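>>> Can you look at this prediction? I've put the sequence above it.
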Amino acid sequence: MKKLVINIKIILIIVFFPVFLLLSEKSHAQITESPESIFVKKVEAILLNSCLRKKNFGVKIHSLERDKTLYSVYSDRLFSPASNLKLLTTAVALKRLGANYRFKTALYATLPIVGKILEGDIYIKGFGDPNLVSEQMWLLANELKNSPLKKVRGNIIADASFFDSNRRVKTWNKKAGVEAYNAPLGALSFNFNTVAVHVTPGEKKGDRPIVVVDPDIEFIRVDNRARTASKPKYGRLIVNRVDRGDHNVITVSGTMPVNSRRETYYLNITQPTHYAAIVFKEYLLQAGVEVMGKVRVGSVPEGAYELFSHESIPLSLILRGLNKFSNNFVAEQILKTIAAEIYGEPGTTLNGLRAMDEYMQSLQYKAEEFSILDGSGLSRESQLSPDQIVSVLQDIYKDLGVYPEFISALGVMGRDGNVLKRMKEYDGAERARVKTGTLNFVSALSGYFQSADGERFAFSILMNDLKCSGRRARRLQDKIVWEGLNFKRVSLETTFN
């Protein structure tokens, strides 16, 4: 009987041992599946979303410390990077101009100031400052007053010859709108070549809304035809800007509910050089300096001497405004400044692009392998791959001379800039430093993140031909970044101990 039992056990072992072995191997495979492969599966599941059903996207996530790619798909393909192109503009600006570069705005005269009076003209020359805003212009006017100066018998002559005369990039949409992001370029510019229009409803139905324009100067005139309405359903407010040659007209039409809050609109202006000079004249008047002449556009003559010059904040701080809020005007001004400083005046977009091309070729990319046609990414003809953007991020990461300023200019996820509201609910979101990119049917996100165990990664997510809203595309990007923030490499030795 005992023999029979033993024989039956032997038979059962022989029959079922392969099954036990198979189950054991499967269980062992599950236990030993690497964190990398788990991460890849999670990202691939995110990218199956119907928003991306045209498969026109590319992703690359690369370890900066191990120089190893964690994940990539279609990463060598070219896509419209939208404002992710500003990462390249920032890199070239820091490397060629330096973090401490300061933009200059200078005042000149040909005659001396005698008894607080200048008999001749004052020349104001711009050197591309993208951050010449109200506070800076006031400092310029106030310094001139302290020369000391009380009266100018001549004209204000504005010189924008540091750049060429092209106000727009040729590859941008030919039909330029009045939006702030379409602002014209110019070596002498003021307040990003925009104007703020504040509209407050009237006290009762039928009243005209109150319109306040900043700056309030003769170049900007208002045509207010709007009415205050009792209920919000009766139409809407329309604020536009019309070019009238020697001035711009802000037109306000439609209706505004009586109990609504004040609304602010930012519109671009035309003739940036003239605009900046008129503002300067107005600020001189407010500072107590009378200018008897008119505003003209011209050049500083030979033999003129410098009365005073104003320097901007450092480039490193200007780049924060560029990338955290994705300012197209600032990007293009910087591009032309790079051109003027490297290749000589006047600064041109073409020469700025030449510097960008040279940088990309220094990263071992051939000219025909990419297309860079502006500095901001507003041009749909610009084309880069996730591989190329990550290469830029890697190159900057290795260069301690520019990396701190570069990364501090990026948006902190969930904390500031135009990613203030993204991933706010996630703890540790601030470990992602990013640049966004948005055009119609295009959404992009690139930058750096630090994983759960402290490893640093560079990444680029470029999505074109979207079949959903930009908001939905951004959620997909956030999910990928969140997986990256939670990624943790665990060694097999740790698993088995």
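Good, I have the coordinates.

>>> Low-confidence stretches in the stretch 1-150 of the chain?
The model of the stretch 1-150 of the chain has pLDDT under 70 over residues 1-31.

>>> show me where it has strands.
For the stretch 1-150 of the chain, the strands defined by DSSP state E, counting those that start in this stretch occupy 57-63, 68-73, 104-109, 113-114, 117-118, 122-126.

>>> Show me what the third one is packed against.
Meaning strand 104-109. For strand 104-109, the packing partners by 3 or more C-beta pairs under 8 Å, 6 or more residues apart in numbering; DSSP states H and E come out as strand 122-126, helix 134-145, strand 305-311. Where you see a C-beta, it was placed from the backbone N, CA and C, and this is true even at glycine.

>>> hmm, who's touching the first one?
Strand 122-126 is touched from outside by 105-109, 132, 140, 144, 152, 154-162, 186-189, 273, 276-277, 280, 291, 298, 300-301, 304, 307, with contacts defined as C-beta atoms under 8 Å, 6 or more residues apart in numbering.

>>> what's the first-to-last distance across stretch 195-208?
21 Å (C-alpha to C-alpha, to the nearest Å).

>>> The chain should start at 47 in everything you say after this.
In the new count, where the first residue is 47, that last one comes out as stretch 241-254.

>>> about what we covered before: out of the helices and strands packed on strand 150-155, nearest to residue 461?
Across the helices and strands packed on strand 150-155, residue 461 has its closest neighbour in helix 180-191 (25.1 Å, C-beta to C-beta).

>>> Sheet partners, orientation included, of the next helix or strand after the closest one?
Next in sequence after helix 180-191, counting helices and strands by DSSP states H and E, comes strand 197-198. Paired strands of strand 197-198, with direction, are strand 163-164 (parallel), strand 336-337 (parallel) (DSSP bridges).

>>> Give me the residues contacting strand 197-198.
Under C-beta under 8 Å, 6+ apart, the answer for strand 197-198 is 162, 163, 164, 167, 168, 330, 335, 336, 337, 338, 339.

>>> any idea what sits nearest the third one, other than its immediate chain neighbours?
With C-beta to C-beta, 6 or more residues apart in numbering as the measure, residue 198 is the residue that lies nearest to residue 164, at 4.8 Å, once sequence neighbours are left out.

>>> do the same with the last one
The spatial neighbour of residue 339 that comes closest, neighbours along the chain excluded (C-beta to C-beta, 6+ apart), is residue 201 at 3.5 Å.

>>> Break this structure down into its domains, please.
For the chain, automatic domain parsing gives the domain ranges 81-146+362-541, 150-214+318-358, 226-314.

>>> quick revisit: can you list the strands of the stretch 47-196 of the chain in a markdown table and add mean neighbour count and distance to residue 226?
Putting these into a markdown table (neighbours: other C-beta atoms under 10 Å; distance: least, C-beta to C-beta, whole Å) gives the following:
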| stretch | mean neighbour count | distance to residue 226 |
| --- | --- | --- |
| strand 103-109 | 23 | 29 |
| strand 114-119 | 17 | 35 |
| strand 150-155 | 21 | 21 |
| strand 159-160 | 13 | 38 |
| strand 163-164 | 18 | 35 |
| strand 168-172 | 25 | 19 |
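
>>> Any idea which of those strands gets closest to residue 465?
Proximity to residue 465, assessed across those by C-beta to C-beta, is greatest for strand 103-109 (18.0 Å).

>>> Tell me the helices and strands packed up against the closest one.
strand 114-119, helix 432-443, strand 502-509, helix 516-532.

>>> among these, which is the most enclosed?
strand 502-509 (a mean of 26; mean count of other C-beta atoms under 10 Å).

>>> The residue most central in space within the chain is in what secondary structure piece?
Nearest to the mean C-alpha position of the chain, by C-alpha atoms, centre = their mean, lies residue 372 at 1.9 Å. Using DSSP H and E, residue 372 falls within no helix or strand.

>>> Can you tell me how far it is from residue 111?
As for residue 372, its distance to residue 111 is 29 Å (criterion: C-beta to C-beta, to the nearest Å).

>>> just residue 204 next, same as before
From residue 204 to residue 111 the distance is 51 Å (C-beta to C-beta).
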